[in-house]
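Student: mind looking at a prediction? Sequence and model below.
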Amino acid sequence: MTQVNKGPVLQITRQGETDPVAHSGDAKHHKPAMCSRCGLCYTHHRDKLADACVFVENRYEMLDKKLHGRGRQAYTDEDMFGIYRHMYVAKMAKPVEGAQWSGIVTSLGTMLLEKKLVDGVICVQSAPGTRFKPKPTLATSVAELRKAAGNKPCLSHNLSALQEAEKLGIKRLAYIGNGCQIHALRAIQDQLSFEKIYFIGLPCTDIVSYQNYMKFLGLVSTSAETVVHLEFMPDYRVWMRHEDGHTEKVSYFGLPMDKLTNDIFPDSCMSCFDYTNSLSDITIGYLGAPMPYQWILARTGTGEELFEMLRPHLEFSPIVEKGKRDKVVLQSIKMLDRPPRTVPLPAWRIKLITFIVSNFGLKGIEFARGTLTMKWARNLHFIRKNYPEREDELVPGFARRVLGRYGL
Ligand SMILES: Cc1cc2nc3c(=O)[nH]c(=O)nc-3n(C[C@H](O)[C@H](O)[C@H](O)COP(=O)(O)OP(=O)(O)OC[C@H]3O[C@@H](n4cnc5c(N)ncnc54)[C@H](O)[C@@H]3O)c2cc1C
């Protein structure tokens, strides 16, 4: 791939912010303001940033073609979920202790190490003395990989671990990470010394810094310091498991949004159109699955091989699809310009709305389509408001097709 000098990228700022380095909070590495801290610029590959970073320019169309020999089929689920060969709903028959869901990701990495298909797995452990502060890690043993089980739901500079993998002379690597990281790694893969990289993708949206995550926990939990596991569940509630084993559940409709929206989400996540990590070999999440199952998209030939390794260890459930998203999406688009509510809804209304949407609302794949479309509509709105001059570079054609249906 040709190197293009994208010098001005370091001056990209949200309107009114004139000092991108100060905004990024990292003068040493001199990152652009719209940055998901993927970690590439912590390595000696920093000079490739302009050709790799999705927030400089999205390269989905080129990378889709390179990976699959074709682009996405317009106006099908591929516009939203990316190209995939098979979709599954499953969970580990024997769940992995400490895993976020049933531990499919940890199991896959374990198999790759045990079968010696890879010499190392880039993953995320917790920083010493913390539960949720991410520590990007190159795991070369199963024990190290197991320590990475469970989400550290904060921005994590995973690509920084590439440097160690290269230093150790690792040739076969598995990479567990988010969509923006995988976009960057796919874009520069041919320039790296690895013979094989297995891309294990996690879907994601709205990741926050560690400091903001702790602030969020303090706002939503009655006992933030004892939370050991947190997930945004498809039943429209945040589930927080505490040290003593009890689970606290807070409805999405009861979240103090007025205290959360004030720049808590990075501009990068607010400008992302890759919820489902479409450039991975295999995506493992939960968005399109009924609880407590996981949602798996095997995308490439490699992804299918990975899935076949998992298959004997999985329990399957049928793919579910219920409801129609259009009304809900249109309603959410109407709300985009409204300031977040400052007076909380009364408890009985929160309970009633949560009951109605979780019992009669969107389910399974339609829940995934609806959620993703609402996020993308919000993100397009954000870009038009804050980075109007960058819309062409940031918004891929497939997102325009999805949102065009709603007049955006
Ligand atoms: C920040 C974040 C947001 C997510 N949001 C969604 C979502 O909106 N919808 C959805 O369907 N799925 C989402 N997921 C994926 C989902 O929560 C589970 O991680 C996934 O289903 C795998 O579960 P598991 O039990 O197989 O994982 P486990 O076996 O527990 O393995 C989890 C893996 O996550 C990696 N990891 C932990 N923290 C991070 C991090 N900060 N960045 C990158 N990798 C990390 C670890 O290396 C570990 O290998 C998100 C994951 C993360 C990390």
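Tutor: Received it, and whenever you're ready, just let me know what you need.
Student: state the pLDDT value of S251.
Tutor: Note on S251: pLDDT of 97.
Student: check W101 too.
Tutor: Confidence score, pLDDT, at W101: 98.
Student: got it, and L219?
Tutor: pLDDT, L219: 93.
Student: what comes up buried for stretch 49-61?
Tutor: Within stretch 49-61, the residues scored as buried using 16 or more other Cβ atoms under 10 Å are 49-60. In short, each C-beta sits where N, CA and C put it, glycine included.
Student: from this protein, which residue is nearest to the ligand?
Tutor: G285 (2.7 Å; Cβ to the nearest ligand atom).
Student: could you list every residue that touches that residue?
Tutor: Shown in contact with G285 (Cβ atoms under 8 Å, 6 or more residues apart in numbering): 202-203, 276-277, 294-295.
Student: for it, list each beta-bridge partner.
Tutor: Taking DSSP bridges as the rule, G285 bridges to W295.
Student: in stretch 131-138, what counts as buried?
Tutor: 131-138.
Student: that one near the ligand at all?
Tutor: Yes: Stretch 131-138 comes into contact with the ligand (Cβ under 6 Å from any ligand atom), by way of P134.
Student: list the contacts of that stretch.
Tutor: Contacts of stretch 131-138 (Cβ under 8 Å, 6+ apart): 39, 120-128, 144, 147-148, 152-161, 164-165, 168, 170, 210, 213-214, 227-228.
Student: pull stretch 120-136 out as CSV, backbone CA atoms only.
Tutor: C-alpha atoms of stretch 120-136 as CSV (Å, rounded to 0.1, in the frame of the first residue of the first chain):
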residue,chain,number,x,y,z
GLY,A,120,1.1,-15.4,21.1
VAL,A,121,-2.3,-13.8,21.6
ILE,A,122,-2.8,-10.1,22.0
CYS,A,123,-5.4,-9.6,24.7
VAL,A,124,-6.3,-7.3,27.6
GLN,A,125,-5.6,-8.1,31.3
SER,A,126,-6.4,-5.8,34.2
ALA,A,127,-3.8,-3.4,35.4
PRO,A,128,-2.4,-4.5,38.7
GLY,A,129,-4.5,-3.3,41.7
THR,A,130,-7.6,-2.6,39.5
ARG,A,131,-10.5,-4.6,38.1
PHE,A,132,-11.3,-2.6,35.0
LYS,A,133,-8.2,-0.7,34.0
PRO,A,134,-7.0,-2.3,30.7
LYS,A,135,-3.5,-3.6,30.4
PRO,A,136,-2.8,-4.7,26.8
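Student: now it, how far from the chain's geometric center?
Tutor: Relative to its parent chain, stretch 120-136 has a centroid offset of 16 Å by Cα atoms, centre = their mean, to the nearest Å.
Student: again, but for stretch 328-345
Tutor: Offset of stretch 328-345 from its chain centre (Cα atoms, centre = their mean): 23 Å.
Student: where in the stretch 301-408 of the chain is pLDDT low?
Tutor: Within the stretch 301-408 of the chain, not a single segment meets pLDDT under 70.
Student: strands of that one, start to end?
Tutor: 314-316, 321-322, 363 (DSSP state E, counting those that start in this stretch).
Student: over to the chain?
Tutor: Ranges of strands within the chain are 86-92, 120-126, 134-139, 172-177, 196-201, 227-232, 237-242, 247-251, 282-285, 294-298, 314-316, 321-322, 363, based on DSSP state E.
Student: returning to what we had before: run through the contacts of stretch 131-138 and flag the ones next to the ligand.
Tutor: 123-124, 148, 152-154, 156, 158.
Student: show the buried residues in the contacts of stretch 131-138.
Tutor: Buried subset of those (neighbour count, 16+ other Cβ under 10 Å): 39, 120-126, 144, 147-148, 152-161, 164-165, 170, 210, 213-214, 227.
Student: narrow those residues to those in helices?
Tutor: Judged by DSSP state H, helices contain the following of the buried ones among the contacts of stretch 131-138: 144, 164-165, 210, 213-214.
Student: check those residues and tell me the two furthest apart.
Tutor: A165 and M214 (29.9 Å; Cβ to Cβ).
Student: sorry, back to before: okay, the strands of the stretch 301-408 of the chain, which one's buried deepest?
Tutor: strand 363 (a mean of 19; mean count of other Cβ atoms under 10 Å).
Student: mind giving me the packing neighbours of that one?
Tutor: Here strand 363 touches no other helix or strand, going by 3 or more Cβ pairs under 8 Å, 6 or more residues apart in numbering; DSSP states H and E.
Student: number of nearby residues for N359?
Tutor: 9 (other Cβ atoms under 10 Å).
Student: same check, this time on C35
Tutor: Counted with other Cβ under 10 Å, residues neighbouring C35 total 24.
Student: check H246 too.
Tutor: So H246, with other Cβ under 10 Å, has 10 neighbours.
Student: what pLDDT does it get?
Tutor: 98.
Student: please report how far it lies from H86.
Tutor: Applying Cβ to Cβ, to the nearest Å, the value for H246 to H86 is 38 Å.
Student: correct me if wrong: L217 contacts A224.
Tutor: Yes: counting by Cβ atoms under 8 Å, L217 does reach A224; the two are 4.0 Å apart.
Student: which one of those two is surrounded by more residues?
Tutor: L217 (19 against 15).
Student: quick one, what contacts that one?
Tutor: Per Cβ under 8 Å, 6+ apart, neighbours of L217: 224, 227, 230, 240.
Student: now stretch 348-364: how far from the chain's centre is it?
Tutor: 25 Å.
Student: give the buried residues for it.
Tutor: 350, 353-354, 357-358, 361-364.
Student: now it - C-alpha only, CSV.
Tutor: What follows is stretch 348-364, C-alpha atoms only, in CSV (Å, rounded to 0.1, in the frame of the first residue of the first chain):
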residue,chain,number,x,y,z
TRP,A,348,-42.9,3.2,38.2
ARG,A,349,-42.6,4.6,34.6
ILE,A,350,-39.0,3.3,34.3
LYS,A,351,-40.3,-0.1,35.4
LEU,A,352,-43.2,-0.1,33.0
ILE,A,353,-41.2,1.1,29.9
THR,A,354,-38.5,-1.5,30.6
PHE,A,355,-41.2,-4.2,31.0
ILE,A,356,-42.9,-3.3,27.8
VAL,A,357,-39.7,-3.0,25.6
SER,A,358,-38.0,-6.1,27.0
ASN,A,359,-41.1,-8.2,26.6
PHE,A,360,-42.7,-6.8,23.5
GLY,A,361,-39.8,-4.9,21.9
LEU,A,362,-37.2,-6.0,19.3
LYS,A,363,-35.5,-9.3,19.7
GLY,A,364,-32.5,-11.1,18.4
